[in-house]
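Peer 1: I'll drop the sequence and a predicted model, then ask my questions.
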Amino acid sequence: MKAVWFVLMMSGLIALTIIEPEKTISVLISAGSDAVMLSIKLLGIYAVWLGFLGILDQTKLSEKIANLMEPLIDFLFGKQIDQKTKGLISLNLASNILGVGNASTPIGIKAMQGLDKINNSEVASSAMIMLMVINATSIQLLPTTIIGLRATHQSLNAGDIILPSIITTLVTTILGIILVKTLSKCKMQKLFTKKHKKQCFWSKK
């Protein structure tokens, strides 16, 4: 991924140098300044929600949320997951719903590590794939990051993105879950068929 970003940045820089060489330095400086200012403006938004998630974790409310979400987590990821991993998954889902996807990344990584311990294989399990798909599609009841970006760019109504975000993310998440469940079922059927064929082969021999 680092190589991809390096190639993209160098390609853009070379293209800018060839097309408008006199603007190269000024564009680099202004872009750096804009990036720093945007980071500072978004810092407050992330501080609020990261603090909120930290309070949930410290007060053990995350475990209570995990208990409430246990039927959903069991359906999506299976019943073999330990309670700690369920708590991490519930926090990951909650932060995605609140629209702070970057804030949910560390929690998602820890949850993925917990699922990997259960899987104990170099191949991603269905539960790990499901977590990745849900994070990529991500139902957002409150797209905080997008609202913050719109607000920093003087949008007349930064919150009017809420309803379209709910509809689009809901559709993509449902489709993602259906695809993962369907493909996982097909994979299990293939594995069962291969195992059955081997058993039949050995029994005949």
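Peer 2: That came through fine.
Peer 1: now do the strands in this structure.
Peer 2: Counting by DSSP state E, the chain has no strands to list.
Peer 1: residue ranges with poor pLDDT in it?
Peer 2: 1, 45-46, 49-50, 53, 62, 101-103, 187-205 (pLDDT under 70).
Peer 1: quick one: the residue nearest to the spatial centre of it from Met10, how far?
Peer 2: Nearest to the mean C-alpha position of the chain, by CA atoms, centre = their mean, lies Asn135 at 2.6 Å. Noted for Asn135: a distance of 29 Å to Met10, by CB to CB, to the nearest Å. C-betas here are computed from N, CA, C, even on glycine.
Peer 1: got the contact list for the nearest residue to the residue nearest to the centre of the chain once chain neighbours are set aside?
Peer 2: Nearest non-adjacent residue to Asn135, counting by CB to CB, 6 or more residues apart in numbering: Gly108, 5.6 Å away. Gly108 makes contact with 88, 92, 131, 135, according to CB atoms under 8 Å, 6 or more residues apart in numbering.
Peer 1: among these, which one lies nearest to Phe77?
Peer 2: Leu131 (7.0 Å; CB to CB).
Peer 1: residues in contact with Thr85?
Peer 2: 111, 114-115, 118.
Peer 1: and the residue nearest to Asn135, how far from Met10?
Peer 2: Computed as CB to CB, the Gly108 to Met10 distance reads 30 Å.
Peer 1: quick one, what contacts Lys110?
Peer 2: Lys110 makes contact with Leu88, according to CB under 8 Å, 6+ apart.
Peer 1: now do the helices in the protein.
Peer 2: In the chain, the segments counted as helices under DSSP state H are 2-19, 24-58, 61-68, 70-77, 83-97, 101-119, 126-137, 144-152, 162-204.
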